[in-house]
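K.L.:
sequence? don't have it. structure:
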Ligand code: SF4
C-alpha cells in the first residue's frame with residue numbers, strides 16, 4: 001500500500017521537473033528569436049529605469065540651528081511674512097525668488113516631459129536657486145546637508161500630486177541627489193502627523209503661517225486697490241515696503257505663547273490642553289499683530305489719492321499658482337494691467353484655504369459619516385447607525401467652526417487695515433453659482449471655483465472684466481474652459497478672457513488682454529458718464545466738492561456702493577450727489 005502511494009508522487013515530481021525545463025527552453029528560444037529579429041530590424045533596446053524616491057536623511061531637531069528652510073511660490077509679501085513667522089518659531093528660513101523664464105527652462109531641462117507650466121517654473125526655480133548657491137562657492141554636499149525645501153503637496157487628480165516627485169527627480173538630475181523635500185500635505189488638514197522632527201508642524205506653526213498668509217493677502221490687496229489712484233507715483237509701493245518691513249519684524253519677534261511657571265505646575269496633567277486653549281484665545285484676541293496692522297493702515301491713509309480717476313476693475317482668477325505669482329509665470333500680468341490703466345483685483349490665498357475646508361465638509365456630507373466604500377448598517381442596528389450619525393455631525397461641526405474662525409480672523413485683518421480690502425467670498429454661494437456649470441465635487445486644481453468666480457464677480461458689480469490665467473498643460477483648467485463657454489453664453493454682458501500662460505508667448509497674451517481691456521475701459525467710461533448725467537453733475541463740480549471735503553481724498557474714506565455700479569469713480573459720483581443733496585437740506 002505504501003509503495004503504491006510513493007511511486008506516483010516520484011513520477012509526478014520527475015514530470016514537473018521535465019515540464020519546467022521544457023518551459024525554460026521555450027522561453028529561452030523565444031528570447032533568442034526576439035533578439036535576433038530586433039537586431040535584424042535595427043531596434044535599439046533601452047533599459048527601463050523607473051524613478052524611485054531617493055533615500056533622504058531626516059531633518060532632525062538637532063540640525064535646526066544649522067539648516068535653512070527654503071520655501072516659495074507665493075508673492076513677495078506673503079513670503080516676507082512667512083519668513084518672519086518661521087524665524088519667530090526658531091527656524092533659519094529663506095524664500096526662493098519669484099520664478100522667471102530661466103527657471104522654467106531649467107525645470108524643462110531637469111524635469112519630466114509633459115508637466116504643467118507651474119511645475120516647470122517652481123521645480124526649475126529651486127534647482128536654479130541651489131545652482132546659484134553653488135556658484136557662490138558652496139559645495140553640493142554642503143547644500144544638501146544645510147538646506148531643506150518645504151512645500152505643499154497633495155494627492156489630488158491634477159499634477160499637484162506629482163510635485164514632490166518632480167522636485168526630487170529634477171534635483172537628482174541636477175546633481176542634488178538626497179536634497180530634502182518636506183511636505184505640507186494639502187489634503188492633510190491640521191494634523192500633519194508625518195511631520196519630521198526638524199520641522200514641527202504643531203499649532204504654533206499653523207497659527208504663525210496662517211496669520212502671515214492672511215496679513216500678506218490683505219496688505220497685498222490694499223496696495224493693488226490704492227496704486228491706480230495715487231497722486232504721487234510710487235507712493236503706495238514706498239508705504240507698502242515700509243509696512244512690510246514693520247510687519248516682518250513683528251512676526252519675527254513674536255514668540256509662541258506658553259503656559260509656564262506655577263500655573264503649569266498647578267494644572268499638572270491638564271497643562272497641555274490648557275496651553276492649547278490659551279494659544280487659541282491669544283490668537284482670537286489678536287493683540288500682537290492688530291496694532292501693527294493699524295500702524296500700516298495709518299501710513300496707507302497718508303497716500304494722496306484721486307478717486308475720480310476712471311479705472312476698469314479687472315478680477316484675476318485661474319489656477320492657484322498662476323493667479324498668485326507676480327512674475328514671468330503669468331507674463332507679469334498684474335504690472336501689465338496696471339500700466340495699461342486697470343485696477344487689479346487680486347485673489348487672496350484665504351479663498352483657497354476656505355475652499356479646502358469647504359470641500360472636506362462637502363465630502364463628509366456626501367458620505368454621511370461612512371468610510372469610503374463602507375455600507376450603511378441595516379435599520380435595526382440603531383446603535384451603530386446613531387454612532388455613525390453622531391460622528392459625522394461632530395466632524396462637520398468642527399469644520400464649520402474652523403470655517404467661522406478662519407473667516408473671522410481674516411476679516412479682523414481687513415478691518416484693521418481700514419476695510420479697503422474685500423471680505424472672503426462665501427464658499428456656499430460660489431458652490432451655488434458654479435455647480436450648474438461645473439460639478440462642485442469634481443476636485444483637482446480650482447475645481448468649480450474658476451467658473452463660480454467669473455459669475456460672482458461679474459454679477460455682483462465687483463469687476464468690469466474677469467481675466468483667468470490658465471497654465472499651459474493644466475488639466476482642471478482645460479475642463480473649466482469647456483464649462484466657461486456655457487457660462488458666457490448665459491451671461492451675455494460679462495467680459496471674460498482666459499489666457500494660457502507658458503514660458504513663452506508673452507506678447508501675444510498681452511495683446512489679447514489689451515483688446516479685452518479696451519472693452520472694459522469703455523464699460524467703465526460709459527458707467528461714469530451715466531453717473532454724471534443721472535445726477536446732473538459735471539466732473540468739475542465733483543472736483544470742487546472733493547476740494548471742499550479733503551477727507552474724501554484719503555484712502556480710508558468710505559464710499560458706499562450703488563447697486564449696478566462697478567467702478568470706484570462712478571460710485572464716488574453717486575456718493576457726491578447724495579452728499580450734496582444732504583448738505584443743501
Ligand atoms: S491645477 Fe493645473 S497647473 Fe495647477 S498643479 Fe494642477 S494641473 Fe498643474
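P.N.:
Everything's here; your move. Fair warning: this is a prediction, and the values are worked out from it, not measured in the lab.
K.L.:
interface residues of this structure facing the ligand?
P.N.:
Proximity of the chain to the ligand (C-beta under 6 Å from any ligand atom) is limited to residues 116, 118, 158, 159, 160, 319, 445, 471, 474, 475, 476, 477. C-beta coordinates here come from the backbone N, C-alpha and C atoms, glycine included.
K.L.:
Take those and keep only those in helices.
P.N.:
Residues of these located in helices (DSSP state H): 118, 475, 476, 477.
K.L.:
where's the last one relative to residue 434, distance?
P.N.:
The one in question is residue 477. 14 Å (C-beta to C-beta, to the nearest Å).
K.L.:
ok, now the second one?
P.N.:
Relative to residue 434, residue 475 is positioned 18 Å away (C-beta to C-beta).
K.L.:
if you count what's nearby, which of those two comes out ahead?
P.N.:
residue 434 (25 against 12; other C-beta atoms under 10 Å).
K.L.:
From residue 487, how far out is that one?
P.N.:
Remark: distance between residue 434 and residue 487 (C-beta to C-beta) = 9 Å.
K.L.:
what touches both of these two?
P.N.:
Residues touching both residue 434 and residue 487 (C-beta atoms under 8 Å, 6 or more residues apart in numbering) are 451, 455.
K.L.:
Partner strands of the strand or helix carrying residue 469, with direction?
P.N.:
Assigned by DSSP states H and E, residue 469 belongs to strand 465-471. Strand pairing for strand 465-471, using DSSP bridges, gives strand 313-318 (parallel), strand 496-501 (parallel).
K.L.:
Of all these, which one comes closest to residue 147?
P.N.:
Smallest distance to residue 147 across these (C-beta to C-beta): 28.7 Å, for strand 496-501.
K.L.:
Now do the following helix or strand past that closest one and strand 313-318, the angle between them.
P.N.:
Per DSSP H and E, the first helix or strand lying C-terminal to strand 496-501 is helix 506-534. Relative orientation of helix 506-534 versus strand 313-318 (axes from the mean of the first three to the mean of the last three C-alpha atoms, to 10 degrees): 140 degrees.
K.L.:
who does helix 506-534 touch, helix- and strand-wise?
P.N.:
Applying 3 or more C-beta pairs under 8 Å, 6 or more residues apart in numbering; DSSP states H and E, one finds that helix 506-534 contacts strand 313-318, helix 333-339, strand 465-471, strand 496-501, helix 568-584.
K.L.:
Please identify the most buried of these.
P.N.:
Sort these by mean neighbour count, taking mean count of other C-beta atoms under 10 Å, and strand 465-471 sits at the top with a mean of 27.
K.L.:
just to revisit the earlier point, report the rounded mean pLDDT for the strand holding residue 469.
P.N.:
What strand 465-471 shows for mean pLDDT is 95.
K.L.:
can you check stretch 110-124 too?
P.N.:
Averaged over stretch 110-124, pLDDT sits at 92.
K.L.:
Other residues contacting that stretch?
P.N.:
Residues contacting stretch 110-124 (C-beta under 8 Å, 6+ apart): 72-73, 99, 102-109, 127, 151, 158-159, 162-163, 166-167, 169-171, 173-174, 319, 321-322, 325, 328-329, 471-475, 501-503.
K.L.:
Can you turn the buried subset of those into a selection I can paste into ChimeraX?
P.N.:
Buried members of these, defined by 16 or more other C-beta atoms under 10 Å, are picked up in ChimeraX with:
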select :72,73,99,103,104,105,106,107,108,127,151,158,159,162,163,166,167,169,170,171,174,319,321,322,325,328,329,471,472,473,474,501,502,503
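K.L.:
so where's the stretch 151-300 of the chain shaky on pLDDT?
P.N.:
Regions of the stretch 151-300 of the chain meeting the criterion pLDDT under 70 cover residues 155-156, 185-197, 263-269, 280, 286.
K.L.:
what's the residue nearest to residue 242 when sequence neighbours are not counted in contact with, if anything?
P.N.:
Excluding the flanking residues, the one nearest residue 242 by C-beta to C-beta, 6 or more residues apart in numbering is residue 299, at 6.2 Å. The contact partners of residue 299, taken as C-beta under 8 Å, 6+ apart, are 239, 242, 243.
K.L.:
Over to residue 96?
P.N.:
By C-beta under 8 Å, 6+ apart, the contact list for residue 96 reads 70, 71, 72, 125, 126, 129.
K.L.:
redo that, cut-off 6 Å
P.N.:
70, 72, 125, 129 (C-beta atoms under 6 Å, 6 or more residues apart in numbering).
K.L.:
ditto for residue 575
P.N.:
559, 560.
K.L.:
what about 8 Å?
P.N.:
559, 560, 562.
K.L.:
could those be laid out in a markdown table, adding pLDDT, neighbour count and secondary structure?
P.N.:
Formatted as a markdown table, those follow (pLDDT from 0 to 100; neighbours: other C-beta atoms under 10 Å; DSSP: H, G, I helix; E, B strand; the rest coil):
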| residue | pLDDT | neighbour count | secondary structure |
| --- | --- | --- | --- |
| 559 | 96 | 15 | coil |
| 560 | 96 | 9 | coil |
| 562 | 96 | 17 | coil |
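K.L.:
ok, the residues you listed vs residue 309, which is closest?
P.N.:
In terms of C-beta to C-beta, no member of these lies closer to residue 309 than residue 559, at 13.2 Å.
K.L.:
Dihedrals phi and psi, the closest residue to residue 524 other than its chain neighbours?
P.N.:
In space, and not counting its chain neighbours, residue 524 is closest to residue 312: 4.3 Å by C-beta to C-beta, 6+ apart. Per-residue torsions, residue 312: phi -70, psi 140 (degrees, to the nearest 10).
K.L.:
how near is residue 312 to the ligand?
P.N.:
The gap separating residue 312 from the ligand is 27 Å, by C-beta to the nearest ligand atom, to the nearest Å.
K.L.:
thought that residue was touching residue 343?
P.N.:
Yes - between residue 312 and residue 343 a contact is recorded at 7.1 Å, counting by C-beta atoms under 8 Å.
K.L.:
more neighbours, those two?
P.N.:
For residue 312 versus residue 343, neighbours defined as other C-beta under 10 Å are more numerous around residue 312 (27 against 23).
K.L.:
measure the more buried one to residue 84 for me?
P.N.:
Counting by C-beta to C-beta - residue 312 and residue 84 are separated by 35 Å.
K.L.:
Find the closest residue to the ligand in the stretch 151-300 of the chain.
P.N.:
Residue of the stretch 151-300 of the chain nearest the ligand, by C-beta to the nearest ligand atom: residue 158 (3.0 Å).
K.L.:
Next up, the contacts around that residue.
P.N.:
116, 444, 445, 474, 475, 476.
K.L.:
Please name the residues that touch the last one.
P.N.:
Contact analysis of residue 476 by C-beta under 8 Å, 6+ apart lists 157, 158, 319, 442, 444, 445, 446, 447.
K.L.:
do residue 216 as well
P.N.:
With contact taken as C-beta under 8 Å, 6+ apart, residue 216 is in contact with 74, 75, 77, 78, 79, 80, 81, 82, 349.
K.L.:
mind checking how far the residue in the stretch 451-585 of the chain that the ligand sits nearest to is from residue 505?
P.N.:
Nearest residue of the stretch 451-585 of the chain to the ligand, counting by C-beta to the nearest ligand atom: residue 474, 3.1 Å away. Per C-beta to C-beta, residue 474 is found 15 Å from residue 505.
K.L.:
now stretch 320-328, how far from the chain's geometric center?
P.N.:
Centre-to-centre, stretch 320-328 and its host chain are 9 Å apart (C-alpha atoms, centre = their mean, to the nearest Å).
K.L.:
For that stretch, measure first residue to last.
P.N.:
End-to-end distance of stretch 320-328: 15 Å, with C-alpha to C-alpha, to the nearest Å as the criterion.
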